[in-house]
Every structure is written in C-alpha cells, then in structure tokens.
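K.L.:
got a sequence here, can you model it:
(one chain, ligands or ions: 2)
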Amino acid sequence: MSRPLVAGVDSSTQSCKVVVRDAETGALVRSGRAGHPDGTEVDPAAWWAALQKAVADAGGLDDVAAVAVGGQQHGMVCLDERGDVVRDALLWNDTRSATAADDLVSELGGGQAWADAVGSVPVASFTVTKLRWLAEHEPDHARATAAVCLPHDWLTWKLSGSRELADLVTDRSDASGTGYWSAETGDYRTDLLERALGHVPALPRVVGPGEAAGRTPTGALLGPGAGDNAAAALGLGAGPGDVVVSVGTSGVVTAIADRGSRDGTGAVAGFADGTGRFLPLVCTLNAARVLDAMARVLGVDHARLSDLALEAEPGAGGLVLVPYLEGERTPNLPDASGSLHGLTLGSARPADFARAAVEGLLCGLADGLDALVAQGVTPHRALLVGGGAASEAVRQVAPTVLGVPVDAPPPGEYVADGAARQAAWVLAGTDAPPAWALADVASYRSKAVPAVRERYAAARAAAYPAG
Ligand SMILES: Nc1ncnc2c1ncn2[C@@H]1O[C@H](COP(=O)(O)OP(=O)(O)O)[C@@H](O)[C@H]1O
Ligand SMILES: O=C(CO)[C@@H](O)[C@H](O)COP(=O)(O)O
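P.N.:
Ligands and ions are numbered 1, 2, ... in the order given. Now for the predicted structure:
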C-alpha cells in the first residue's frame with residue numbers, strides 16, 4: 001500500500017504555491033504554483049482561483065490525506081451574513097490605515113497599553129487598523145460585515161466547502177496578527193475589535209496546534225493552517241537560537257520563544273508560532289522588491305544584479321540606499337520614500353548601486369535583529385529564506401551586515417512545507433510535528449563590517465530624523 005500524502009499551501013502576497021509531500025518522510029512528491037494579481041487591495045476570489053490553479057499544477061489533491069494553508073498575515077477579509085465578501089481584501093502592505101493606527105494607539109493610552117493587551121502595537125498592517133479605516137471611510141461596508149477573517153482562514157473555509165460563518169477557523173499564529181487576539185492569554189479582545197469596527201462580528205474559532213480543523217468535501221483532513229512566518233519556521237524546523245530572516249515581498253526577522261513579548265515601541269510584534277510557543281517578529285515593507293527595483297533601474301536581471309553587487313567593495317563606495325520604496329512599517333514611516341546618500345563621481349557606478357540596494361535592505365533587517373535582541377532573543381545563526389535569498393549577493397553580504405553566521409537552505413517553498421508538515425501532524429494525531437529530514441544548508445561566515453551599518457544609520461537619521 002502506498003504511503004499517505006499531505007499537501008501544504010502558501011498563499012503569499014505575490015503567488016500561491018502548493019507542495020505535496022510524503023506524510024512520514026516529508027519527501028517532495030510534486031508541486032505547483034500560480035500568480036496573484038498586483039496591488040494592495042485584492043478580491044479574495046483571485047486567491048481561490050490561484051489556489052485551484054496551483055493545485056491543478058501540482059497534480060490535484062484527490063490522493064492527499066490532509067491539507068493545510070499558510071498565508072500572508074493580517075489581510076482584512078470581511079464577509080456578510082450570507083458568507084459573501086463585502087469588499088476587496090486590504091493586504092498587510094496597504095498603508096491607508098496609518099492614521100487609524102495612530103488613532104487607536106493614542107485612544108488606548110499609547111503603544112505599551114496595546115503591547116500589554118495583545119503583544120503588539122498595531123501599525124497600518126494590522127487587521128484591527130483596517131477595520132477602523134473601514135468604519136470611518138466605508139460605513140456601509142462596516143455595517144454589512146458579519147464576520148472578519150484572514151486570508152488563510154478564508155481559504156481553509158473555502159476548502160471545507162462550508163458557507164456557514166460558524167465554521168470559520170484560524171490558528172494562534174495568524175490570530176496574533178489581528179491586533180484583537182492575545183497570544184499570551186489565548187483570548188480574543190472583542191473590546192478592541194468593537195472599538196475599531198463599531199460592533200463585534202463573528203470571528204474564526206482558534207484551533208490549537210496540531211488539531212484538526214475539519215475536512216474537505218472529498219474527506220481530506222484540514223489543518224488549522226498558519227500565518228506565513230509561523231509556517232516558514234515550522235517548514236525550516238527552526239529552534240531556539242535560530243533567527244529566520246525572510247527576504248520576500250516583506251522583510252521578516254523572527255525567532256522561536258518560550259514566552260510572549262510586549263514591545264511598547266512597536267518594533268517587535270508579539271506573535272504566536274505554529275507549535276504552541278511564541279514568535280517575536282519584526283517586519284519591514286521593503287525587501288526583495290528593492291532588488292527588483294534596482295535591477296529595473298540598472299536594466300539587468302537578478303543574476304547580473306548579484307554579480308554587480310559582488311564586484312563592489314563593502315560600503316558601495318560610500319553610496320547608501322535607505323530603501324523605503326513602499327513607505328515603511330518598521331520603523332513606522334508609512335509615507336516615507338526611498339533615498340540615496342553619498343553619491344559621488346566615484347560611486348556613480350552600476351556595481352555600487354547594486355551593492356547599495358543589497359546592503360540597504362539588509363541594514364533594515366539588521367535593525368530588526370537588534371530589536372529582537374532587545375526583547376531577549378539570543379541569535380546563534382540566521383536562516384536566510386524567501387525569494388530574495390536566491391541572490392548570491394544577498395547570501396554573501398548578509399553575515400557582514402547582520403553580524404551573525406548565516407545559513408541558507410536551498411531555495412524552496414518553506415511556508416508551503418511548514419503547512420504540509422502541519423497537515424502531516426494533524427494526520428498523525430501526535431503531540432509534536434513529524435521529524436522530517438531538513439535540507440542541507442549553505443553556510444556564509446564572513447566577518448561583520450560595522451561601518452556599513454554606521455553609514456546607513458547616519459543616512460537614515462538624516463533623511464528621517466523622527467524615524
Ligand atoms: N534570484 C533572485 N534574486 C533576487 N530576488 C529574487 C530572485 N528570485 C526571485 N526574487 C524576488 O523574490 C520575490 C518573491 O519572493 P517570495 O518570497 O516568493 O515573495 P512572497 O512570499 O512575498 O510572495 C520577488 O520580488 C522576486 O522578484
Ligand atoms: O505582514 C507580515 C508579517 O507581519 C508579512 O510577512 C506578511 O505575512 C506577508 O508576507 P510575504 O507575502 O511577503 O511573504
């Protein structure tokens with residue numbers, strides 16, 4: 001008899017990826033992907049269409065015993081009483097709710113009050129701020145909202161085939177990114193939700209780690225799923241001392257912790273992980289797309305951009321890119337734009353521009369690592385993942401900027417893998433996830449070059465004195 005298969009889905013900002021793996025060994029059997037539309041406001045139907053396309057590309061799910069969905073965090077999906085979507089979802093990188101975030105923070109008495117209540121200080125990314133924006137700008141839509149859920153919750157619900165709002169489920173990791181659920185207490189803060197939206201809609205039931213969340217119409221078990229960062233940690237088998245650095249659409253620095261965090265400055269979000277522990281996390285809005293943008297400016301592809309960056313000396317001849325091309329979330333500067341500093345005749349070279357892009361995005365992530373350390377995380381190594389981690393320049397420059405040893409697993413779909421591992425866990429019904437073999441890592445051990453961060457800090461302070 002053939003061994004059971006499980007599937008994991010990553011519904012991320014730019015695309016949907018599906019992996020089908022052997023439930024016992026974790027061996028990859030097949031995979032598929034499909035693109036998502038651009039924009040920070042998306043009709044959830046586009047995610048469902050992409051999921052079906054990616055599933056078909058992966059050979060279907062008919063022979064799969066369990067499936068779980070990982071997804072981009074925070075996105076606001078509002079449903080009416082009939083279960084129809086009220087309006088397009090606002091994504092984590094949509095900054096229109098920045099003023100709503102400021103208002104909510106001051107109404108509660110400041111950042112520390114929020115950190116004490118839900119582990120995090122909400123910025124425009126958080127669902128709670130999007131709901132306040134909705135109440136203020138689209139009151140009809142706010143009134144019509146009978147349930148609120150997140151992208152991965154909605155896709156799990158679609159996979160279940162149910163139309164009942166009472167069947168919505170989520171997990172600790174994604175619930176902790178809403179701004180109205182506390183990872184420390186495990187409870188919804190419906191008072192904060194009501195403060196934002198004006199009423200308390202139906203909310204997904206928070207399913208515990210490794211617990212089944214239902215079945216698909218064809219009988220496959222459904223896992224609770226996870227936010228993409230928690231799923232990546234599960235897919236990588238990250239443990240104490242590991243810091244996961246993801247260079248995707250977002251830049252993310254995160255660690256597994258035994259206790260929740262309460263950073264009143266808002267730099268570190270106090271999220272939950274996918275195994276019952278905690279996931280202190282720093283997220284920037286500007287990561288892989290900084291490389292996309294610089295490659296476009298220089299008229300080269302990613303491979304050439306990487307070669308150019310490695311041709312330049314550390315410090316890019318004095319050129320510094322502060323890469324806030326989409327505004328920024330950490331530091332909280334939603335209206336910022338990028339800026340170049342130190343341009344001279346000497347540094348007006350494609351190689352220095354390429355290097356400045358790589359160093360600039362890594363400096364933003366290094367600031368994030370400092371914030372995690374300030375919350376008690378002791379990093380022994382960084383695990384480098386996400387689309388941008390395919391860049392050899394990012395890999396080689398990372399230890400010089402982050403100041404810790406860097407291990408890069410082979411390019412892969414670690415969020416989808418984490419979701420698949422969760423599906424295997426649910427199928428096995430064990431206390432802990434199955435021990436799947438992990439891929440070999442490539443190690444990067446260059447010494448730190450502190451001058452790069454010092455010049456970056458000076459440029460950032462000059463451009464954004466309040467940041
Ligand atoms: N070799 C590469 N070098 C640098 N960036 C890359 C490379 N390959 C892909 N990317 C970029 O990585 C990003 C996609 O990464 P991914 O982690 O899949 O994003 P997300 O999960 O946010 O959808 C895109 O912006 C893409 O252009
Ligand atoms: O907002 C966050 C984390 O707080 C982001 O990490 C999103 O979860 C989007 O992830 P990607 O699609 O960029 O991987």
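K.L.:
which of the three states applies to whichever residue of the stretch 251-400 of the chain sits closest to ligand 2?
P.N.:
Nearest to ligand 2, among the residues of the stretch 251-400 of the chain, is residue 283, at 4.0 Å (CB to the nearest ligand atom). For every residue, glycine as well, the C-beta is placed using N, CA and C. Secondary structure for residue 283, judged by DSSP: H, G, I helix; E, B strand; the rest coil, is strand.
K.L.:
quick one, what contacts it?
P.N.:
Residues in contact with residue 283 (CB atoms under 8 Å, 6 or more residues apart in numbering) are 92, 125, 229, 250, 251, 252, 269, 329, 330, 368.
K.L.:
so what's it scoring on pLDDT?
P.N.:
Reported pLDDT at residue 283 in the predicted model: 94.
K.L.:
pull the longest helix from the chain.
P.N.:
When the chain is parsed with DSSP state H, its longest helix is helix 350-374.
K.L.:
ok, then the element right after it?
P.N.:
Downstream of helix 350-374, the next assigned helix or strand under DSSP states H and E is strand 381-385.
K.L.:
is that following strand positioned near ligand 1?
P.N.:
No: against ligand 1, strand 381-385 shows no contacts by CB under 6 Å from any ligand atom, the least distance being 7.6 Å.
K.L.:
just the residues contacting that strand, thanks.
P.N.:
Residues outside strand 381-385 that contact it (CB under 8 Å, 6+ apart) are 232, 236, 238, 241-247, 369, 394-395, 398-399, 402, 404-409, 412, 414, 441, 444.
K.L.:
among the residues you listed, which are in helices?
P.N.:
Per DSSP H, the subset of the contacts of strand 381-385 in helices is 232, 236, 369, 394, 395, 398, 399, 402, 414.
K.L.:
thought residue 415 was touching the first one, still the case?
P.N.:
Yes: shown here, residue 232 and residue 415 form a contact pair, counting by CB atoms under 8 Å, at 4.9 Å.
K.L.:
pick out whichever of these two has more residues nearby.
P.N.:
Legend: neighbour count by other CB atoms under 10 Å for residue 232 and residue 415, higher for residue 415 (34 against 29).
K.L.:
isn't the more buried one right next to residue 72, touching?
P.N.:
No: with contact defined as CB under 8 Å, residue 415 and residue 72 do not form a contacting pair (9.3 Å).
K.L.:
common neighbours of those two, please.
P.N.:
Common contacts of residue 415 and residue 72 (CB under 8 Å, 6+ apart): 12, 228.
K.L.:
domain-wise, how is this structure divided?
P.N.:
5-224, 239-404+437-466 (the TED database).
K.L.:
how many other residues sit next to residue 451?
P.N.:
Look at residue 451: counted by other CB under 10 Å, it has 11 neighbours.
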